[in-house]
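Let's see this in three dimensions:
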Amino acid sequence: MDLSGVTLHKLRIFQLVCEKGSLNKSAHALTMSQAAVSQHIRNLEASLNVKLLERSPQGVRITPAGEVLYARCNEILQLVQQIGIEISALGEDAPTRLMLGATPGAGAYVLPVWLAEFQRQFPNVSMSSQTQMTRETVQSVLDERVDFGITLGKVDDLADPNLAQHTLWDVEYVAIVPPAHRWSNNTSITAAELRTEPFIARQKGSRSRRWLASLFGTLNICAELDSPFATKQAVLNGIGMSILPSYTVRGEIERGELAPVEIVGANLTRPLLLLWRRERPFSAAQTAFWQMVVEDQREITL
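Modelled structure (predicted):
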């Protein structure tokens, strides 16, 4: 057994493969090739002289030896992250800072939950965030004004060789009306019916608005607002209906303050993306944040 080959990098890769149950999915998350991920696992197995994973076309299964190693990975990696952050806090650049950029919906609803959890784990890290539209968030990442960007919707048209991205999960959207609306008890409506109803949309040029136009064509827009929160408040006040990410209206729907409406045949999902500048070395704080949000694939409940 040669423990010199058991590196932190290999442990992180092994941990992610165990959690995803797939070499391919892990490679995608790490922006590596599947062959590279597989080679790291083989090197780890050779160093420990044990088989850690059973491979099959359906994915991977952790062996008993792999279970032992996986059980220790979290505490090992967490300890290393904490050491790095605590030491960084004593250096010339203290306190350690984490700069984040997000689009309005993600910045208002998703990011605060992440920041609270991160602050709980790493209280010595100072954090700040800025809210921008998607194009500006991407540019802030490329210009290194922020460490990470969080956006909703594809950014393929903003592709840059220096831009790395990871899909955290697909966010479900829901059409909403006030409880007194004639559609509040309907099982479903058609796209044609939707186009006749007063609709509260995001401002012109926003990606959310272009996405809805690509799905439904021209809507009967009665108001244009620049954030999901403002849009939700307008629907609550009876100005019109709208379509918003489910996590922004879950509480109001559960309390009966808003009613969801199904639209026949509509695929109302968009990817929530984590963005960073490729090849940029991560600090201890950046590594800890990346691992927290990438490895925790549960959708946030608000």
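
Run through the residues that contact H166.
Shown in contact with H166 (CB atoms under 8 Å, 6 or more residues apart in numbering): 28-29, 31, 273-274, 294. C-beta: built from backbone N, CA, C; applies to glycine.

Ok, I13 next?
26, 30, 37, 40-41.

Show me these that map onto strands.
Judged by DSSP state E, those include no members of strands.

Which one of these is nearest to V146?
L30 (20.9 Å; CB to CB).

Surely the closest one and F14 touch.
No - counting by CB atoms under 8 Å, L30 does not reach F14; the two are 11.6 Å apart.

higher neighbour count, the two?
Neighbour totals were compared for L30 and F14, and F14 leads with 24 against 18 (other CB atoms under 10 Å).

Least confident of the contacts of H166?
When the contacts of H166 are sorted by pLDDT, the bottom entry is T31 at 73.

separation between that one and Q130?
Using CB to CB, to the nearest Å, T31 is found at 24 Å from Q130.

Counting neighbours, go ahead and name the busier of these two.
Q130 (15 against 11).

What separation do you get for the residue most central in space within the chain and S208?
The centre of the chain sits closest to L168, judged by CA atoms, centre = their mean, with a distance of 3.7 Å. According to CB to CB, L168 and S208 sit 18 Å apart.

what does L111 give?
Taken as CB to CB, the span from L111 to S208 is 17 Å.

just the strands in this protein please.
53-56, 59-62, 97-102, 126-131, 148-152, 163-177, 198-202, 220-225, 242-245, 259-261, 269-277.

In a markdown table, list those strands along with distance to A285.
Below are the strands of the chain laid out as a markdown table (distance: least, CB to CB, whole Å):
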| stretch | distance to A285 |
| --- | --- |
| strand 53-56 | 31 |
| strand 59-62 | 30 |
| strand 97-102 | 5 |
| strand 126-131 | 9 |
| strand 148-152 | 11 |
| strand 163-177 | 18 |
| strand 198-202 | 32 |
| strand 220-225 | 35 |
| strand 242-245 | 28 |
| strand 259-261 | 39 |
| strand 269-277 | 13 |
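
Tell me which of those strands sits nearest to Y70.
Among the strands of the chain, strand 59-62 comes nearest to Y70, with 6.2 Å by CB to CB.

ok, that closest one: who's next to it in the sheet?
strand 53-56 (antiparallel) (DSSP bridges).

Using CSV, write out every CA atom in the strand it pairs with.
The C-alpha coordinates for strand 53-56 follow below in CSV (Å, rounded to 0.1, in the frame of the first residue of the first chain):
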residue,chain,number,x,y,z
LEU,A,53,-15.9,0.7,-7.1
GLU,A,54,-17.7,-2.0,-9.2
ARG,A,55,-18.3,-0.6,-12.7
SER,A,56,-21.2,-1.6,-15.0
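
What segments of the stretch 51-200 of the chain are helices?
Shown for the stretch 51-200 of the chain, the helices assigned by DSSP state H, counting those that start in this stretch span residues 64-88, 104-105, 111-121, 134-142, 191-196.
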